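Undergrad: I need the structure of the sequence given here:
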Amino acid sequence: MADIIIYTDGASRGNPGPGGFGIVLMSGKHCREISEGYRRTTNNRMELLSVIVALESLKIPGSTVTIYSDSKYVVDSVEKKWVWGWQKKGFHGKKNPDLWSRFLRIYPKHNIRFVWVKGHAANPHNERCDELAVAAALGGKLLIDAGYESDPANTMNL
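TA: Modelled structure (predicted):
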């Protein structure tokens, strides 16, 4: 079985605002793109959701996966092991606990390594993810980010 390479990116038009994510998955000669847009969300939520959706789309448990992301928020939270400390404290005072909890359910199913890449630095796969994320954020059929919109703190100024 070939190793899996994943590139991810998230975007929001305003923060918060309409947002989207883009994913490029590669394994051997296979390549797949995924994107979705949301009517009101944040950039960090889209960065994290892109990783979650990519991992949830993998069909074979125990895969060796390298995830390339330009999000220090996501990469550092995992690679520096902060997220497990947040989990032990019930995510008290942390943003996006719904998504981090979802991430932590899928994470142990694979052998995952994160690599930070500089955004907008002519990396073709990262640039493609950005294009997908922006197009999704600007698309006509935007989904509801229920985790974001159900939090009263996030909807006070609508």
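
Undergrad: Name the SS class of residue 108, please.
TA: The three-state assignment at residue 108 reads helix, by DSSP: H, G, I helix; E, B strand; the rest coil.

Undergrad: where's it relative to residue 4, distance?
TA: 16 Å (C-beta to C-beta, to the nearest Å). To be clear about C-beta, it is placed using only N, CA and C from the backbone, and glycine gets the same treatment.

Undergrad: Also residue 52?
TA: As judged by C-beta to C-beta, residue 52 and residue 4 stand 15 Å apart.

Undergrad: Residue 108 and residue 4: who's more crowded?
TA: Neighbour totals were compared for residue 108 and residue 4, and residue 4 leads with 22 against 9 (other C-beta atoms under 10 Å).

Undergrad: Quick check: that one touching residue 62?
TA: No: under the criterion of C-beta atoms under 8 Å, residue 4 makes no contact with residue 62, lying 11.0 Å away.

Undergrad: which SSE is residue 129 in?
TA: helix 124-137 (DSSP states H and E).
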